[in-house]
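Undergrad: what's the 3D shape of this:
(chains A and B)
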Amino acid sequence: MNGTILDLFLFVVLPYAATAIFFIGTIRRYRTQPFSYSSLSSQFLENKKHFWGLVPFHYGLIVILTGHLIGFLVPRSVIWWNRVPARLYILEISALIFGLLTVIGLIQIIYRRLSSGRVLVVTSTMDWVLYILLLIQVVLGLYTALAYPWGSTWFAALAAPYLWSLCKFSPDVSFVAPLPWMFKAHIVGAYALVAIFPFTRLVHLLVYPLPYVWRKPQVVRWYSRPEGIR
Amino acid sequence: MNVRSQIAMVFHLDKCIGCHTCSIACKNIWTDREGAEYMWWNNVETKPGTGFPTRWEDQDTYRGGWEIKDGKLRLRSANKGYVLGKIFHNPAQPSIDEYYEPWTYRYQDLFNAPEGSDQPIARPVSKITGKEIAIEAGPNWDDDLGGSPVYAENDPNLDSLTEEQREQLFAVERLVMFYFPRICNHCLNPSCVAACPSGAIYKRGEDGIVLIDQTRCRGWRACVSACPYKKVFFNWKTGKSEKCLLCFPRLETGQAPACFHSCVGRIRYLGVLLYDADRIEEVALSSDENLIEAHRSMILDPHDPQVIRQAQSNGVHDSVIEAAQKSPVYQFVKVWKMALPPHIEFRTLPMLFYVPPMSPVMSMRKGDVLTQSDQGLFHEIDNARVPMQYLAKLFGAGHDAKVRYALKKQMAIRSYRRAVTVGDIEPHIANQMLREADCTPAEAEAIYKLTSLCTFEERFVIPPMHREEALEMMEDPMDHKRETGFGLVGKPQRGS
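TA: Below you'll find the model as predicted:
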């Protein structure tokens, strides 16, 4: 019974609380501290190790997160795809490669922060909290993927319905309750990241400059002309 | 015709003495802060030299400015999609090592050192880490050709010179340099604006000043590499880009920018230019050889009634048109054709123009005798110590015709004034020189006056900025009645 209460807290209370913190926190920070709404780049202070950390980490993480999102959005299609073993192996191996990229990149990022005196100066406490949490999270993810094959299939079968149950406000922990604790920790880690999101450099995700693709090259601001005239 | 007004500038390099007063004035007002210590919105370089940051003119490395690809204008740094893909790591971004690591000295050691047999010294410490550093570079590290075998010889502009010319340039007898003060050019086709993923950099419609919205800037750093003049700087403390703002708070109150105001050699001129904004793209697409002419042609005559009518209908204030008519920049750039844009081949259409410098009289040592070569009226121009190709690379997109024209005119005016004041040059020779340089005595007098006898008001014709009207259009000033102070402005501090 004890386990159930803990499960209830970790997999029902925590996600809702984290999401609430996420929305309130990000909106509040955007309104009160718009100046800080970015990731403090340190490429200027150290340019070489930067490449070997930031590039694998970001591309690795983008693919991995997209994978999770697909598993959540279209679980049936993932299961259908995985029916043919060859396709399953391709999916799993490429996911593993990008997972490894993420871990290697993150380790390089942390090593860079520690080894470059200049970069250390611009590293905040919150950065360290984030890096440690992220490292735990991606290592747990990688471990789960290796220890409990085939993740892509059972994510679609177990985690997706659980997440959907949260979305529909009728939480059902029976999907995740029997899972191994490593995987449970991975889920809790994700909620923790969502919760600290507004207070870290992660906010730069929300201001990713997609409108750049369709805006005109030159920007002119007029103060004495009404809107509309160039 | 889409007439807009632009605050434009002329730097008369023949008058620059390289005193760096401009840089210091700017530093004291704007960049004496943590994170900005290394920035020099205004800096004075010695040419030949590698400049600041090192080899900024080398666009194969930094990928700044525009290039023409398939008949279209394209940012050299990357197309739009590619910018977003490279956003995590910008391969063309200079690091602080290309500028220099700011430092101070532990002066207290001079006072607190225990008594001993040696002199106490103040060791240099980094202003970033606070730890001791070995100083490897600094602002104006190669000032006055200091360390020229390492620095001056790596000047990218020397690529156009033959081996022989290079050798001659650095031969002791010919050793020559000039100063090259630089600020943001407030370009008509700024590549920093076009490269900014956040759309934080903008050109002010009324005066063309290019500014960075510090709140909208998310520190993606694309502007730093996109500006071919490397005049956008990254503040490592706030994580935002900063640049020269042409002292707009001073301009709006009718004062010249600090670097202009403090210029000892009085080399700087500031005034309004009216230009046709519809032609920006077309002009930027011109071939290298025609760029300067095209750039000039988009600058409009402020006395032309049709231009005035168009300007008025475009909302350019009458007082601004009046300032444009008195603009010293218009005289130097368009009427006299003496001021040239720097590296116009970057195609950002800079609005800062340079009057190219005259070099010293060339002399050759033959045995023990020092002779000055002396054939023809304009001998010094083609045999000048600074090779024409070098100046052409800087101010003529590699083509020397426009540079030669500007130098010839300067030379002719010198001879003409010497004929007037000293009298050891025959007047008919001086007049012939003027004619050959496409100049008249009246024009020569005007140029002489604006070059040598210019007053403060003649050098800086600052139009009223009409900010009060601009503000009134945005909000009713009566809303703020009975309020005090300047309101609450957040400190540029980051929480995390």
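
Undergrad: Point out where chain A drops to low pLDDT.
TA: For chain A, the stretches with pLDDT under 70 are A:1-3, A:224-230.

Undergrad: can you give me the helices for it?
TA: Using DSSP state H, the helices of chain A run over residues A:2-8, A:14-32, A:48-73, A:75-81, A:85-115, A:117-121, A:125-147, A:151-154, A:160-167, A:181-196.

Undergrad: can you put these in a markdown table and add distance to chain B?
TA: In short, each C-beta sits where N, CA and C put it, glycine included. Shown next, in a markdown table, are these (distance: least, Cβ to the nearest Cβ, whole Å):
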| stretch | distance to chain B |
| --- | --- |
| helix A:2-8 | 30 |
| helix A:14-32 | 8 |
| helix A:48-73 | 4 |
| helix A:75-81 | 26 |
| helix A:85-115 | 10 |
| helix A:117-121 | 4 |
| helix A:125-147 | 4 |
| helix A:151-154 | 26 |
| helix A:160-167 | 28 |
| helix A:181-196 | 10 |
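
Undergrad: winner for burial among these?
TA: Most buried of these by mean neighbour count (mean count of other Cβ atoms under 10 Å in any protein chain shown) is helix A:151-154; its value is a mean of 20.

Undergrad: contacting residues around that helix?
TA: With contact meaning Cβ atoms under 8 Å, 6 or more residues apart in numbering or on different chains, helix A:151-154 is reached by A:67, A:71, A:78-79, A:82, A:88, A:91-92, A:95, A:144-145, A:148.

Undergrad: for it, the distance to its chain's centre please.
TA: For helix A:151-154, the separation from the chain centroid amounts to 19 Å (computed by Cα atoms, centre = their mean, to the nearest Å).

Undergrad: Equivalent analysis for stretch A:145-161, please.
TA: Relative to the centre of its chain, stretch A:145-161 is centred 18 Å away, using Cα atoms, centre = their mean.

Undergrad: again with stretch B:460-467
TA: On Cα atoms, centre = their mean, the centre of stretch B:460-467 falls 21 Å from the chain's centre.

Undergrad: just to revisit the earlier point, can I get the helices of chain A in CSV with distance to residue B:436?
TA: Below are the helices of chain A laid out as CSV (distance: least, Cβ to Cβ, whole Å):
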stretch, distance to residue B:436
helix A:2-8, 94
helix A:14-32, 66
helix A:48-73, 56
helix A:75-81, 81
helix A:85-115, 63
helix A:117-121, 57
helix A:125-147, 67
helix A:151-154, 81
helix A:160-167, 83
helix A:181-196, 75
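
Undergrad: Quick check: the farthest pair among the contacts of helix A:151-154?
TA: A:79 and A:144 (18.1 Å; Cβ to Cβ).

Undergrad: circling back to that earlier point, between the contacts of helix A:151-154, which is nearest residue B:268?
TA: So of those, ranked by how close each gets to residue B:268 (Cβ to Cβ), first place is residue A:67, at 58.5 Å.

Undergrad: got the contact list for the residue nearest to the closest one when sequence neighbours are not counted?
TA: Once flanking residues are discounted, residue A:67 sits nearest to residue A:95: 5.6 Å by Cβ to Cβ, 6 or more residues apart in numbering or on different chains. By Cβ under 8 Å, 6+ apart, the contact set of residue A:95 is A:63-64, A:67, A:145, A:151-152.

Undergrad: Give the burial count for residue 170, as a bare number.
TA: You didn't pick a chain, so chain A it is. 8 (other Cβ atoms under 10 Å in any protein chain shown).

Undergrad: that's the wrong chain, I wanted chain B
TA: Neighbour tally, residue B:170, other Cβ under 10 Å: 17.

Undergrad: All set, thanks.
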